[in-house]
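Trainee: What follows is a predicted protein model with its sequence.
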Amino acid sequence: MPQFIASYDLKVAKPDPHDNFLTNAMEHGWYPWILDDDDTLFTLPNTTLEGSFVDQMQALAALNAARAQTEKELGIRITMEKWIVAQYVVDPAFDSNEKEKARNSPGDTSLSIQAGD
């Protein structure tokens, strides 16, 4: 399945929606880490997500669904001031100061992690 990267900025609001948004994004297939070839999870920069979707429309719909779910939970309007959703088809270059070994297969949405090095 095609892989996508999303980056977004949420407008400042009270209460702060970021934690709820991230939880909801994960329920819709977006994750704050990326898996490399040796099953190490690299944490992505803040407000950056990775996910596998049928196409870009589904990827964007999942991001918007996370926003709508966060609005409903918090009872406030959530504005994504800036965002981008892009498919990547080559092996991306990345690094992170936070790395963990994956215990399940990369396609498993119930991915669990264990502390690494």
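Mentor: Noted; the coordinates are in hand.
Trainee: buried set for the longest helix seen in the chain?
Mentor: Counting by DSSP state H, the longest helix found in the chain is helix 56-74. Using 16 or more other Cβ atoms under 10 Å as the test for burial, helix 56-74 gives 58-59, 62-63, 65-67, 69-71, 74. Where you see a C-beta, it was placed from the backbone N, CA and C, and this is true even at glycine.
Trainee: again, but for stretch 36-46
Mentor: By 16+ other Cβ under 10 Å, the buried positions in stretch 36-46 come out as 36, 40-44.
Trainee: could you redo those residues as JSON lines and give each row distance to Lys11, pLDDT and secondary structure?
Mentor: Below are the buried residues of stretch 36-46 laid out as JSON lines (distance: Cβ to Cβ, whole Å; pLDDT from 0 to 100; DSSP: H, G, I helix; E, B strand; the rest coil):
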{"residue": "Asp36", "distance to Lys11": "33", "pLDDT": "79", "secondary structure": "coil"}
{"residue": "Thr40", "distance to Lys11": "34", "pLDDT": "82", "secondary structure": "strand"}
{"residue": "Leu41", "distance to Lys11": "29", "pLDDT": "85", "secondary structure": "strand"}
{"residue": "Phe42", "distance to Lys11": "28", "pLDDT": "85", "secondary structure": "strand"}
{"residue": "Thr43", "distance to Lys11": "24", "pLDDT": "89", "secondary structure": "strand"}
{"residue": "Leu44", "distance to Lys11": "21", "pLDDT": "92", "secondary structure": "coil"}
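Trainee: Tell me which residues touch Ala59, please.
Mentor: 4, 6, 51, 53, 85, 87 (Cβ atoms under 8 Å, 6 or more residues apart in numbering).
Trainee: and if you look at Phe21?
Mentor: When contacts are counted by Cβ under 8 Å, 6+ apart, Phe21 touches 10, 66-67, 70, 78.
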